[in-house]
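1. here is a sequence with its predicted model. Questions after.
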Amino acid sequence: MNKILIPVDFSEDSLTAIQYACAFISQNERKQEVDLIHVFTHHSNSYVNRQAYPIEDPQVKISEKEMERLLANLHREYPDIKFNKVFKEGNLFEEISKVTATFNYDAVVMGTKGSSGLEAIFLGSNTYDVILNTKTPVLGVPQKTKGLKKDRVGLLCNFKEGEIEVLQHAIKLIGNDFELVLIYVNKDDRRISDIDTQFKSWIEEIINRTDIRNISYTIKPQVLYNRAVENVSHAISNVLIDEQIDFLLITRSRKSIFRKLIEENIVRKMAYNMTIPTLFAPVRTY
């Protein structure tokens, strides 16, 4: 069974994530169910004496009614997709980690506030821990995302095995009908001819293992990264604009650009400027 997990708080952000997920499920031959999970994160502290004095938190009933209303609307709009409801109580990051540990979800799809970044993601700052630590791919969908646009899919490239794996994760979600744009940051000021040679063999490997054939690449000079660390995430955002990227892929292996950016404390800053759907995917080659 193929499933997507979507945390919801019944806001516009979560609705954007749901609609985006339904868009790629509807056009994908590989059909997926959707588990909608709502985590009660606050009412436990308000009712610490409930064991001695049993009382019912009114927020529980409110959320249950909101979920039923949401499911009814989704069934009408997407009759071919099966939706399931899941309620959990506790810490968001811990509960999502537990749920994804018991089932091999294709992805966790989460709505974000775009320019407000992952720190302001609708379910709270713990979502950043989900991206860093869950073994399930996490797809962040900015609030202003309209429809499924995937003409040009960007991949931060460092010629690592994990990049093949993140592509395979992406194909499960959005298929392979897109132009893949490999983005290489020339931080070490390598000779362009050497990089071109490496790209030729790497593109052949990608074609053989993913059947993606529409591939281009761009080499960005190190001058973009000679500025202060605070400006690096801004430089990456500029690359995405220059290349007109619709969907971004980032691997999470220790040798990937993602880990390098974490070491430089840039990923959080980069998340502040998330303007396109971005898939953060773990890889086996740690």
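-> Nice, thanks for sending it over.
2. just the element for the closest residue to Phe159 other than its chain neighbours, please.
-> Distances taken as Cβ to Cβ, 6 or more residues apart in numbering place Trp202 nearest to Phe159, at 5.3 Å, with adjacent residues excluded. Just so you know, the C-beta spots here come from the backbone N, C-alpha and C atoms, and that holds for glycine as well. Assigned by DSSP states H and E, Trp202 falls within helix 192-210.
3. what does that helix contact?
-> 157, 159, 163-164, 167-168, 171, 176, 180, 182, 184, 186, 212-213, 215, 217, 219 (Cβ atoms under 8 Å, 6 or more residues apart in numbering).
4. narrow those to those in strands?
-> Mapping these onto strands (DSSP state E) picks out Leu180, Leu182, Tyr184, Asn186, Ile215, Tyr217, Ile219.
5. quick check: can you list the domain ranges of this structure?
-> As given by automatic domain parsing, the domain ranges for the chain are 3-142, 152-281.
6. got the ones you listed as JSON lines, with mean pLDDT and mean neighbour count columns?
-> Output for those, formatted as JSON lines (pLDDT from 0 to 100; neighbours: other Cβ atoms under 10 Å):
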{"stretch": "domain 3-142", "mean pLDDT": "81", "mean neighbour count": "17"}
{"stretch": "domain 152-281", "mean pLDDT": "81", "mean neighbour count": "17"}
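7. show me the strands in this structure, by range?
-> Going by DSSP E, the chain shows strands at 3-7, 33-40, 83-89, 107-112, 138-142, 152-156, 179-186, 215-221, 247-251, 278-281.
8. could I get the ones you listed in CSV, plus columns for distance to Ala17?
-> Formatted as CSV, the strands of the chain follow (distance: least, Cβ to Cβ, whole Å):
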stretch, distance to Ala17
strand 3-7, 6
strand 33-40, 10
strand 83-89, 13
strand 107-112, 4
strand 138-142, 5
strand 152-156, 19
strand 179-186, 24
strand 215-221, 28
strand 247-251, 14
strand 278-281, 13
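9. mind listing the residues bridging to the residue positioned nearest the centre of the chain?
-> Nearest to the mean C-alpha position of the chain, counting by Cα atoms, centre = their mean, stands Leu139 at 1.7 Å. For Leu139, the residues forming beta bridges with it (DSSP bridges) are Val109, Leu279.
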